[in-house]
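Engineer: Output the structure for:
(2 chains)
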Amino acid sequence: MSPSSRVLTALSALALISAYYLPIWQILLWAPQYPEGIGMQIWIDHLTGDIASINKMNFYIGMGAISEEMFPEFLILKYVVAVIIAIGLIAAITGKRTLLGAYAVILILFGIAALVDMYLWGYDYGHNLDPTAAIKIPDMSYQPPLIGYEQLLNFLAYSGPDTAGWIMGGSAFVAVMTWLYELGLFKKLRRKL
Amino acid sequence: MTKSVIFISSAVLMMIALFSCRPPAPGAAATGDAASRVYVPPGEHDEFYNIVSGGFNGQASVVGLPSGRTFKIIPVFSVHPENGYGFSEETKPLLNTTHGFIPWDDLHHIAISTTNGVHDARWAFANANNTPRVARIDLTTFKTVEILEIPNSAGNHSSPFITENTEYVVAGTRFSVPFGEAADVDVPISTYKENFRGAITFISVDPDDGEMDIAFQIDAPPFNYDLARGGKKVSRDWFFISCYNTEMAHTLLEVNASQRDKDYIMAINWRRAEEHARNGKGTVIPAQYAHNKKDKNTHSATSTIKEGVLMLDPTELKDIVYFIPCPKSPHGCDVSPDGEYIVGSGKLAALIPVFSFSKMIEAIENEDFEGDINGLPILNYESVLYGEVQRPGLGPLHTEFDGKGNAYTSMFVSSEVVMWDLKTLEVIDRAPTYYSVGHLMVPGGCTADPHGKYLVAYNKITKDRYLPTGPELCHSAQLFDISNGRLELLLDFPTIGEPHYAEAFPADLIKDRQVRFFRIEDNNHPYVTRGPGEARVERESDNVVRVYMTSIRSHFRPDNIEGIFVGDTVYWHVTNLEQEWDLPHGFAIKGANNAEILIMPGETLTLKWIADRVGIFPFYCTDFCSALHQEMQGYVRVSPRGSNVPLTYSTGK
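Structural biologist: Coordinates of the predicted model:
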C-alpha cells in the first residue's frame, strides 16, 4: 500500500470513532399538530429524542412503545464497530492490501446489514398492532420509511442517517476507493481511456 | 294665513341654517393602507408584546402589536376559574393578605423590568389599588409568582414604578391614612392634617431571582400620591411622584382638592434615602404585611405575614425630599429618555409644564426655595421650569416619548393625543381619540431607549365604536403609527377589563425564553405523583382523603375510586405527566364548589372537594387534549359515613 493509502485507511477507520459520540440514524415526524416536528435519534447503544411523544401518538393506532429494550443490537453494536475500527487500523499499520480489502468489504456489509436490520424492525413495528387500539384503519400499516419521506396518516415521516451515519458512509466510501486504487483499478481505467 | 306660512317657513329655514352651521365632527378615517400595516399574516408573529393592565378585572392581558390581538390573560389579583388560579390549593396563598383571602383587586399599572433604563423584560410588576399590593409576573411563564402587601398604604395608585436597574419598585399611597398602633389610627377624620400620613414604599427587588421585600418607607405629607417615574441616566438616583390634594382635604375632594393653582411633583433622592436606611437612620414601626411567593419547583405558593417596616422621616433626614410646584392636580409625571426632562400633566391645567432635572439640582444646591411643607423645601417653580407647552389641549394625563425628541400626551377632556417637540415645546400634530383617552403608551416609551414606531391610546369611553352590547361596553384602544413624524390612526381594538397603563417591548426579548413545559424530574410538589406506578389514594384521617392522581393522554390514574364517605374532604392532587409543549389537562368533578384546575405538563395542582352526598360522581378532563379526550374520565363512589365500603382504587380493571 502506498503511504497515502495507509493514511486514508487510518483516517477512514478513525472517523468511525464518531459513532460513539454522535447519533447514527434519525427518524423525524411532522404533523399539523407538530409544526416544529418531533424526532428520534438512534445512537450506538441508546435512543434520544421525543420518544415519549412518539409513543403517545402511536398508542392510538396500536403501535408498540419504542424503548431501548426493543433493540438487542445496542448490546453488541459498539463491539462490532470497535472490531471494524481495529481491522482498519491494522490494515493501515501493516500496509497489507488484503486487510484493506477485508476492511472495506466488512464495512460495506455492516452498512447493508444495518439497513436490513432497520427494515425488519420497522416492518415489525409498523405491522404488529395492538388489536385493542382505539383507531383501526383497515389494511393500514405504519412501517416507517427505510430512507426518505413517507406520509403515514397525519404524520410525514422521514428516516435517514444522522451525523455519525453520514461519517460512517464517508468512511466506507474512502475505504472502498482506497482499496480500488490499490488494486490498480484507476490505472487500468486511465489506460483504457 | 299667509303670515303664518311665512313665519313657519322662515323658522324652518332658520333651523336648517343653524344646523348646517354646525362644524363637521372630526373624521374617524384611518390612513388609507392602515389594514396592511397592522396585518400579521396567519402563522406569523407580532413585533411587540404589549402587557396591558386590566383595571377592575384584576388581571393583565397580553396583546400583540401591531395586530391588537389579545392572546393571553394573566390572572394577578383576581381569581380565575378558567385555570383554577385562586381556587387551587397551590395558588390560594398568593391572594392572602392581612385581611385574609381576597379574590379581587383593581390592577392599574404595569412596569416591565429594566437594566440601565432599558427593558430586560424579565418580570412585569403590577399594582393592586384597593388593598395595596404589588405583584411580580415571571415573563418566562407568564404566571404571577409573587405578591407583596404594602402596609400603611391605602389606594396603592402611585405604583408600581421602578428605578433604572429595577433596584426598587416604588409604591406611593393615593389615600393618606393614619398609621402606627391602634390608638394612632382610631382618630377623627377631621384631624386629617394632624394625624394622616402618606407612605411612599420602596420595595427591593433581588437582581437574580426578582424576590421582593419592603426596604423602607418614607413618611410623606398627607397628600394624595398619584403617579410616579424613576429617573434615568442623569437623574437615575431620583424618583418623581405627582401629588394632588395638597389642600389636604378629607371630604368632597372634587371641589376641595381643586382649589390651589399649583400642587407638587415630589422629587425623592432614593439613593440618599437608601443610604440613610442602610445606616439605620429610620425607625422600625409596627406594621403587618403578607408576603406571598410561588416556588417554581413545588408549583405551590406560601404566604408569610411579616412584621414591622423601616420608616424614614424626611423632615429629619433633610436631603431626600423636595417639592416642585406643578399646575393643577398633576396626574402623569414622566421622565424623558435622557432623564433630563420631567413632564407634569396637570389634569385641570391648560398647559404642560416641562421641568429640567439639571435646573432642579442647581436650585437645590442654591437653596432656591419658595417655601416649605413641614420643613420640606418647595423649589421655586420658575427656577426648575424648562418651559411650558402652550395650549396643548384639555385634561393632559400622561406623556410618553419616542426617542426621537418627541413627546406624546393624552388629553382626556379634549379626547386627543398631542405630539409635541421636547426641545421647542411646539405642538407638532394632534389626533382625536374615540373617546377620552386615559393612558397612552409607546413601546419602550418610558425607558431610556423607546421604540418610536407605534403609539397606543387606551380610551375610557367606547360608545359607538363596536357593535353595541347593552349598557356595559368593552374599553377600546387605538393604534397609531408614529414612525413618520405624525400621528396616523391605524386600528381600533377592544381590550379586556379597563386598561390603565401598559408597556410594550420587542417580542425578540423573551420569545425564545419561554418555558414550554415543567420538567417532571424537577417537580418537588409535596403531593406529586411522578409516574403512573405511584398513583394511589390514601385516607389521611377520618375525614380527609388524598388522591395522588396522574393525567396523561388519555386517562386519569386512578379512574375508579370507592370507599369515600359523606363529609370527607378529598384533595385531588393531579400531576400532568405530559412532557410536551401545549398539552395541559384539566380536571373537574361534579359538585365542586370552587372551579376546575388546568394543569400544565409536569405540574401538580390540587382541587379540594367535599363529598356532600351519597352517590357516584364523575370527573373528567376539561381541556381537549387528544382524540380520546372525551374518554378521559372517571368515577368516585361516595357512601354513607359508617358504611363498610373499603378504600379501593383502580384503572383499567
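
Engineer: For the rest of this, base every contact and every neighbour count on C-alpha atoms.
Structural biologist: Noted.

Engineer: Show me what secondary structure element comes after the single longest helix found in chain A.
Structural biologist: For chain A, the helix that runs over the most residues, judged by DSSP state H, is helix A:97-127. For helix A:97-127, the following helix or strand on the C-terminal side (DSSP states H and E) is strand A:148-152.

Engineer: How much space separates B:F369 from B:F239?
Structural biologist: According to Cα to Cα, to the nearest Å, B:F369 and B:F239 sit 19 Å apart.

Engineer: neighbour count winner among these two?
Structural biologist: B:F239 (24 against 18; other Cα atoms under 10 Å in any protein chain shown).

Engineer: phi, psi of that one?
Structural biologist: Backbone dihedrals for B:F239, given as degrees, to the nearest 10, come out at phi -130, psi 140.

Engineer: Please name the bridge partners of it.
Structural biologist: B:F239 forms beta bridges with B:G230, B:I268, as assigned by DSSP bridges.

Engineer: ok, now which ones touch the nearest residue to A:L29 once chain neighbours are set aside?
Structural biologist: Spatial nearest neighbour of A:L29, excluding adjacent residues (Cα to Cα, 6 or more residues apart in numbering or on different chains): A:A157 at 4.6 Å. A:A157 sits next to A:27-30, A:144-145, A:149-151 when contact means Cα atoms under 8 Å, 6 or more residues apart in numbering or on different chains.

Engineer: Quick check: the gap between the one residue in the stretch 151-300 of chain B that gets nearest to chain A and B:N57.
Structural biologist: When scored by Cα to the nearest Cα, the stretch 151-300 of chain B has B:N297 as its residue closest to chain A, at 21.9 Å. According to Cα to Cα, B:N297 and B:N57 sit 29 Å apart.

Engineer: pLDDT wise, what is residue 98 at?
Structural biologist: You didn't say which chain, so I picked chain A. Listed pLDDT for A:T98 reads 94.

Engineer: oops, I was thinking of chain B
Structural biologist: Reported pLDDT for B:T98: 98.

Engineer: B:A592 too?
Structural biologist: B:A592 is assigned 97 on the pLDDT scale.

Engineer: what sits against the closest residue to it other than its chain neighbours?
Structural biologist: Nearest residue to B:A592, sequence neighbours excluded (Cα to Cα, 6+ apart): B:W609, at 5.6 Å. Residues in contact with B:W609 (Cα under 8 Å, 6+ apart) are B:569-572, B:592-593.

Engineer: With respect to chain A, which of those is nearest?
Structural biologist: For those, the nearest to chain A is B:W572 (24.3 Å; Cα to the nearest Cα).

Engineer: sec struct for the residue nearest to B:A592, please.
Structural biologist: strand (DSSP: H, G, I helix; E, B strand; the rest coil).

Engineer: same check, this time on the one 4 residues further on
Structural biologist: In terms of secondary structure, B:R613 is coil; the call rests on three-state DSSP.

Engineer: for it, what are its contacts?
Structural biologist: So B:R613 contacts B:566-567, B:638-640 (Cα under 8 Å, 6+ apart).

Engineer: Which helix or which strand is home to B:G563?
Structural biologist: Going by DSSP H and E, B:G563 is part of strand B:560-565.

Engineer: Contacts for that strand, please.
Structural biologist: B:543, B:545, B:611, B:614, B:634-651.

Engineer: Sort out which of these are in strands and list them.
Structural biologist: B:545, B:634-639, B:648-650 (DSSP state E).

Engineer: Of those residues, just the buried ones, ChimeraX syntax please.
Structural biologist: Listed next is the ChimeraX selection for buried residues among the ones in strands among the contacts of strand B:560-565, using 16 or more other Cα atoms under 10 Å in any protein chain shown:
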select /B:545,634,635,636,637,638,639,649
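
Engineer: got the contact list for stretch B:61-77?
Structural biologist: B:37-40, B:46-54, B:58-60, B:85, B:95, B:103-107, B:128, B:135, B:142-144, B:454, B:479, B:491, B:493, B:495-496.

Engineer: Can you point out the buried residues in stretch B:37-56?
Structural biologist: Across stretch B:37-56, burial judged by 16+ other Cα under 10 Å covers B:38, B:40, B:46-56.

Engineer: now it, how far from the centre of its chain.
Structural biologist: 18 Å (Cα atoms, centre = their mean, to the nearest Å).

Engineer: Name the residues of chain A found near chain B, please.
Structural biologist: A:52-53, A:56 (Cα under 8 Å from any Cα of the partner chain).

Engineer: same thing but 10 Å
Structural biologist: Within reach of chain B by Cα under 10 Å from any Cα of the partner chain, chain A has these residues: A:33-34, A:50, A:52-53, A:56-57, A:59-60, A:134-135.

Engineer: Which of those are buried? Put it as a PyMOL command.
Structural biologist: In PyMOL, this line selects whichever of the residues of chain A next to chain B come out buried by 16+ other Cα under 10 Å:
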select buried, chain A and resi 50+52+53+56+57+59+60
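
Engineer: number of nearby residues for the residue nearest to A:I42 when sequence neighbours are not counted?
Structural biologist: Nearest non-adjacent residue to A:I42, counting by Cα to Cα, 6+ apart: A:W25, 5.0 Å away. For A:W25, the count of nearby residues is 20 (other Cα under 10 Å).

Engineer: Just give me the neighbour total for B:G180.
Structural biologist: B:G180: 12 surrounding residues under other Cα under 10 Å.

Engineer: so it makes contact with B:S153?
Structural biologist: No - at 11.5 Å, B:G180 does not count as touching B:S153 under the criterion of Cα atoms under 10 Å.

Engineer: Sounds good, over and out.
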